[in-house]
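*Asks:* Okay, here's the prediction I keep looking at, along with the sequence it came from:
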Amino acid sequence: MDRPAIAVIGIGCRLPGGADSADAYWNLLREGRDASGPAPADRWRDYADRGPSYAAAVRRTVPRGGFLDGVADFDAEFFGLSPREAELMDPQQRLVMETAWEALEHAGVSPDALAGTDAGVYVGVCTGDYGHRLLEDLPDIEAWTGIGAATCAVANRVSYALDLRGPSMAVDTACSASLVAVHLATQALRAGETDVALAGGVNLILSPGETLTLDAAGTLAPDGRSKSFDAAADGYGRGEGAAVVVLKRLTDAVRDGDRILATVLGSAVNQDGRTAGIMAPCGGAQEHVMRRALRQAGVEPDTVGYVEAHGTGTAVGDTLEAAALGAVYGAGRP
């Protein structure tokens, strides 16, 4: 079966360490800078003000991770939104709107040129801290609250703002959400459902609740830093950010003279099935999905020279992942 390659022609991002562009992110990696740090001073202050028990819970929250500054900043007028509507929007919606626009600029694609087309939007998102807060504020609920709190709107806002008629979906598969969003976008491009796709993910830590939950499960590093595959690994650090890529079929990108940054040859998605616990990984399932992706891409494992790993920095996850990577990509090598 012919499976056309997919071209990445644009990137937009807002990541910790001031990485607000592809170049800035590359420089951060090249320089080996640590982008983790303490949570912004006022991030969870309103929770602490609710009473002694809440204040004690906030003090127990792991205070470090990869955080963005200025997550409340947004140019509502640029997108034709009223200040009140913008105030009632999950900042994840705002961040994705800005990042998607910047990804199109990076690709040299005029957002206006996509209006009325079947361009698609696929965004991985697995938290909704702000939306939960909006819906709990019962006395102040109004017409804009619902869409402002809705997870689907993280993608739908982009489609609405740019007048895109193609698929528009938020994807929640936990840690893999943005990768699965890219997978779905490439599938849609290959099937001819869309000719241009925006795919990516977003995460903002606007409540301490999820951090407290993960810490109770023993998965978080006290210093907020992931130390993957290291003897010092003691959990992972939560992080914030957004990233969007612009995707086209490679043949179309070549035809249109687009700058091609990378190509996606194949991808695969699966689930661990029944394991020792619903949060426990499965090495066999990881091997299976890697082999499926290789088959889809038509790539032999011994030709792969670089693998970017999930790398939780946990004793269970790292061990299983390293073993699965070795079984698939290490076979036939010295």
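*Replies:* Good, I have the coordinates. Residues are numbered from 1 along each chain as shown.

*Asks:* Distance across stretch 18-37, terminal residue to terminal residue?
*Replies:* Taking C-alpha to C-alpha, to the nearest Å, the first and last residues of stretch 18-37 lie 12 Å apart.

*Asks:* contacts for it?
*Replies:* The contact list for stretch 18-37 (C-beta atoms under 8 Å, 6 or more residues apart in numbering) reads 11-17, 64-67, 102, 106, 223-225, 237, 239, 241, 261. In this view, the C-beta of every residue, glycine as well, is placed from N, C-alpha and C.

*Asks:* Is it correct that Val245 falls within a strand?
*Replies:* Yes: the assignment for Val245 (DSSP: H, G, I helix; E, B strand; the rest coil) places it in a strand.

*Asks:* contacting residues around it?
*Replies:* Counted by C-beta under 8 Å, 6+ apart, Val245 has contacts Val8, Gly10, Ile11, Gly12, Ala103, Val182, Leu198, Ala199, Gly200.

*Asks:* in the sheet, who's paired with it?
*Replies:* Beta-bridge pairing for Val245 (DSSP bridges): Ile11, Ala199.

*Asks:* Next one: Ser228 from Glu240, what distance?
*Replies:* To Glu240, Ser228 is 19 Å away according to C-beta to C-beta, to the nearest Å.

*Asks:* Between the two, point out the one with more neighbours.
*Replies:* Remark: of Ser228 and Glu240, Glu240 carries more neighbours, 23 against 16, as counted by other C-beta atoms under 10 Å.

*Asks:* contacting residues around the closest residue to the more buried one other than its chain neighbours?
*Replies:* Closest residue in space to Glu240, ignoring its immediate chain neighbours: Leu68 at 4.7 Å, by C-beta to C-beta, 6 or more residues apart in numbering. When contacts are counted by C-beta under 8 Å, 6+ apart, Leu68 touches Arg14, Leu15, Pro16, Leu204, Glu240, Gly241.

*Asks:* rerun at 10 Å
*Replies:* Listed by C-beta atoms under 10 Å, 6 or more residues apart in numbering, the contact set of Leu68 reads 14-20, 35, 40, 91, 95, 203-205, 239-242.

*Asks:* so where do the strands sit in the chain?
*Replies:* 6-14, 37-38, 64-65, 120-124, 168-171, 197-203, 241-249, 262-264 (DSSP state E).

*Asks:* Span of stretch 168-176 from start to end?
*Replies:* Distance between the boundary residues of stretch 168-176 (C-alpha to C-alpha) amounts to 18 Å.

*Asks:* Go through that stretch and flag the buried ones.
*Replies:* Using 16 or more other C-beta atoms under 10 Å as the test for burial, stretch 168-176 gives Ser168, Met169, Ala170, Val171, Ser176.
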